[in-house]
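Student: got a sequence here, can you model it:
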Amino acid sequence: MPLVMTDEQRRSFDEDGFIILENFLTPVETDRLSDAADEVVSRIQQEKGLPPETHFQIRNALSQHDAFLDLVDHPRMLPLVVDAIGWNIQIRTTHLDYRPPYPRNLAAGAVGTGQGADSQAGYRNLAWHPDLASHEIFQAPSLDGRLPFMEIKVFYPLFDMSESGCGNLWLSPGSHLRPPSDLHAMDRQVPDDQALELRLPAGSAVLWRTATWHCVGPNQSQKTRKIMHVGYHYRWLRPTDYMQQDPELLARCSPIRQQLLGALPSGNSPMGADPDIAPISQYRQAKNSNDVPLRTWAESQTQTEAT
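Tutor: Down below sits the predicted model:
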C-alpha cells in the first residue's frame, strides 16, 4: 500500500520517469532555502576571494546549512520518496547549483549539446545524458542494456523558472526505459517531440528517476539560477559527495536522518555482530531494526492508513 503516491503519480513515475509537483514548498520554505543559498555562496566567495559572478556547484550541501539538511526528510516529500524507492535508502548527494546569468555578450550553444561559447567559458549548458552512464563508454550496470533502477533525485528550483531560457532542466519522458546506447547512437541529440523543458515556479519539486535522459539549458535570463538537488539511493551503494558525515552533525540528527546520512543509528559495527568470523554489511542486511528506522516509520504509516 502506498503511503501517499496516487495512481496517476505512479503512472507518471513509471512511464515518464518523473513526477512534477508545482508549488510544493511553502513560500516561507522557499525563501528560507533561497536565502540559505545566498548566504552559503557569499561565505565561500569571501573565504576564497571569488568575484560575485562566479558560478557554483556546492556538493554535500546539507552540511553547509540547516535549511538544506531539513530537505532530506521533508515531511511531505519523504513519503513520496519511500513510495518511489523504498525505505532501505540513504542520501547519495545533495548539491546546490548557483549560476548567475550569462554575460550579455556571451552566445549560448544549442540546448542539450554541451557545446558553444558558453560551455567553453565554463557556464552550465549541459549535454543530454542519464546519470550513472558516462559519455565515453555508457557502461553502467545494465539490464538488457538499460540502466537498473538504483536512485532518484528531487529537484527544487529556488527561483522563478517559469519562463524558457533561464537554465531550465529538460527531460525526455520515458527515456529511462531505453538503453543509453540509443542516446549515443543519436549523437546525444534528442528530437524536439521527445524533449520537455520544465518551466516551474519557485518552490516546485520534481521527483525523478536519474536514468531519465536530461540536460540543462543556458541561463540567458537576468536571474541567478538557484537549484537544490537531493539524491537518494540504496544503502548498499556508495554516496557521491561524502564518505562519512561529520560526527557532530550526526549527533544532532534524529535516527531517521542518521540513516539517511549514511550512519547506523544503533552505533553497532557496520559489519555485524561477529565481524571477525561472519562479517556482513549492515547496510545491505541490517539485523538491528534500530539501524533502519525509516522502515519502522514507513510501516507505522501504512498501519495508520489501514485503520
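Student: from here on, contacts and neighbour counts on C-alpha atoms
Tutor: Noted.
Student: does the residue lying closest to H176 once chain neighbours are set aside belong to a helix, a strand or coil?
Tutor: Take H176 and drop its neighbours on the chain: the residue closest to it by Cα to Cα, 6 or more residues apart in numbering is T212, 4.2 Å away. At T212, secondary structure determined by DSSP: H, G, I helix; E, B strand; the rest coil is coil.
Student: show me what contacts T212?
Tutor: Going by Cα atoms under 8 Å, 6 or more residues apart in numbering, T212 touches 17, 130-131, 171-177.
Student: all helices of the stretch 51-200 of the chain, in order?
Tutor: Assigned by DSSP state H, counting those that start in this stretch, the helices in the stretch 51-200 of the chain fall at 66-69, 78-85, 117-120, 180-185.
Student: quick one: low-confidence residue ranges for the stretch 51-200 of the chain.
Tutor: Flagging of the stretch 51-200 of the chain using pLDDT under 70 yields the residue ranges 124, 134-143.
Student: switch the cut-off to 90
Tutor: By pLDDT under 90, the low-scoring segments of the stretch 51-200 of the chain are 51-56, 100-127, 131-148, 179-181, 184, 187-188.
Student: which parts of it are strands?
Tutor: Per DSSP state E, counting those that start in this stretch, the stretch 51-200 of the chain carries strands over the ranges 56-59, 89-99, 126-129, 151-157, 169-171, 196-197.
Student: among these, which comes closest to P75?
Tutor: The closest of those to P75 is strand 151-157. By Cα to Cα, the value is 13.8 Å.
Student: ok, residues contacting the closest one?
Tutor: 85, 200-210, 226-234.
Student: what does stretch 236-245 give?
Tutor: Applying Cα under 8 Å, 6+ apart, the contact partners of stretch 236-245 are 59-60, 91-94, 261-263, 283-284.
Student: for the record, mean pLDDT for it?
Tutor: For stretch 236-245, the mean pLDDT works out to 93.
Student: quote the end-to-end distance of it.
Tutor: 16 Å (Cα to Cα, to the nearest Å).
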